[in-house]
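Novice: for reference, the sequence and a predicted model appear below.
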Amino acid sequence: MSAAPVFDAPFALGMMALHEAPALHAPERLADWLEARLDQGLHWFDHADIYGDRAGERLFGDALRARPGLASRVKVVTKADIVTPERDASSFAVKHYDSSPAYVTRAIDDALERLGVERLDHFLLHRPDPLMDAEATGRALDDAIAAGKLGAAGVSNFRPEAWRRLQAAMHGRLSAHQLQLSLDHPQPLFDGLFDALIGDGQAPMAWSPLGGGRVLTGPARSLLLTQAEAFGVSPAGLALAWVRALPGRPLPVIGSLKSERIETLCQDAALELPRPAWFALLEAARGHEVA
């Protein structure tokens, strides 16, 4: 089973830093920003409940409530199952994962309320939980899909053994997988992870597709600059094209909230990277040619 692209946009807008952008905290200001992005054809927004300790989801929801017409236009991904030390009610105050049915069900309901949407297009388990009861968790996800709360369920940062154990317990299909993938972190292309998720029909989402900026300052910098000029795109746009060239056309999740930077990346999104250029960038990033 191969994954068909399900993300009809050149990239998703990651909301990890929304709580750190005071210029967008007023609901009307954020609504203006969201409407501008939607008008650009950017309708996928990536959240997680730990982003700003739920603040990112709340700010997003406040903007949608301020301008109700936007809710039907946005497509939302959110993630949960990480419990921060501050939210651990036990005496241990320890960071941990909780994929129990009660926690997952509550996380879905709480995210819907905070985000102000009727359905989460994709809900992902944020990290693999060694204590996961796959049958119970799978049943909770299936129930949420059947209730119309989720368009689909998926995973983030899982290994094949973990997601296949969960998938075997579910009626619905795990349809999306968010993983770290970039020129700075191409390991999933060579350790079997990327092949496995594509083979299992999961649509890939690439978090940190610019490596937190390291892609633009690391070993591939010189080639990125010269090739970006040759292709008529920005170095960041070229790095995203490298990710999108892969099977399943991974959806990069970018972290910038700056309108000018987003506009540039939109303009760069038409680039289809030739195969030799793709391998030249890989070689520059890794410091050696392929075998």
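Specialist: That came through fine.

Novice: sheet-wise, list the partners of the strand or helix carrying residue 76 with their directions.
Specialist: Assigning secondary structure by DSSP states H and E places residue 76 in strand 75-80. Its sheet considered, strand 75-80 pairs with strand 44-46 (parallel), strand 122-125 (parallel) by DSSP bridges.

Novice: now for those strands, which one comes closest to residue 276?
Specialist: strand 44-46 (30.4 Å; Cβ to Cβ). Heads up, the C-betas are built off the backbone N, CA and C, glycines and all.

Novice: toward the C-terminus, what is the element adjacent to the closest one?
Specialist: Counting by DSSP H and E, the element after strand 44-46 in chain order, helix or strand, is helix 55-66.

Novice: coming back round to it: out of the strands paired with strand 75-80, deepest packed?
Specialist: strand 122-125 (a mean of 26; mean count of other Cβ atoms under 10 Å).

Novice: how about stretch 87-103: buried residues?
Specialist: Within stretch 87-103, the residues that count as buried by 16 or more other Cβ atoms under 10 Å are 96, 97, 98, 99, 100, 101, 103.

Novice: looking at these, which two lie furthest apart in space?
Specialist: 96 and 101 (16.4 Å).

Novice: now distance to residue 80 and mean pLDDT too, for the strands paired with strand 75-80, in JSON lines please.
Specialist: As requested, the strands paired with strand 75-80 are exported to JSON lines (distance: least, Cβ to Cβ, whole Å; pLDDT from 0 to 100):
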{"stretch": "strand 44-46", "distance to residue 80": "13", "mean pLDDT": "98"}
{"stretch": "strand 122-125", "distance to residue 80": "7", "mean pLDDT": "98"}
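
Novice: any chance of these in a markdown table, with distance to residue 113 too?
Specialist: What follows is the strands paired with strand 75-80, written out as a markdown table (distance: least, Cβ to Cβ, whole Å):
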| stretch | distance to residue 113 |
| --- | --- |
| strand 44-46 | 17 |
| strand 122-125 | 14 |
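
Novice: counting by contacts, list what the longest helix along the chain packs against.
Specialist: Of all the segments assigned as helix in the chain under DSSP state H, the longest by residue count is helix 101-115. Packed against helix 101-115 by the contact rule (3 or more Cβ pairs under 8 Å, 6 or more residues apart in numbering; DSSP states H and E) you find helix 55-66, strand 75-80, strand 122-125, helix 134-146.

Novice: how much does the first one deviate in direction from strand 75-80?
Specialist: Calculated by axes from the mean of the first three to the mean of the last three Cα atoms, to 10 degrees, helix 55-66 forms an angle of 150 degrees with strand 75-80.

Novice: buried ones in helix 55-66?
Specialist: For helix 55-66, a neighbour-count test (16+ other Cβ under 10 Å) marks 56, 57, 58, 59, 60, 61, 62, 63, 64, 66 as buried.

Novice: which outside residues touch it?
Specialist: Identification of contacts with helix 55-66 by Cβ atoms under 8 Å, 6 or more residues apart in numbering yields 15-16, 18-19, 24-25, 27-28, 30-31, 33-34, 45, 47-49, 51-52, 70-71, 74, 78, 111, 113-117.

Novice: ok now that helix, how far from the chain's centre?
Specialist: How far helix 55-66 lies from its chain's middle: 18 Å, per Cα atoms, centre = their mean, to the nearest Å.

Novice: how about the CA coordinates for that helix, as CSV?
Specialist: Extracted as CSV, the C-alpha positions of helix 55-66 are listed here (Å, rounded to 0.1, in the frame of the first residue of the first chain):
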residue,chain,number,x,y,z
ALA,A,55,-1.9,28.6,24.6
GLY,A,56,-1.3,28.0,20.9
GLU,A,57,-4.6,26.1,20.5
ARG,A,58,-6.5,28.7,22.6
LEU,A,59,-5.2,31.7,20.6
PHE,A,60,-6.1,29.9,17.4
GLY,A,61,-9.6,29.1,18.6
ASP,A,62,-10.1,32.7,19.9
ALA,A,63,-9.3,34.0,16.3
LEU,A,64,-11.8,31.5,14.8
ARG,A,65,-14.5,32.6,17.2
ALA,A,66,-13.8,36.2,16.4
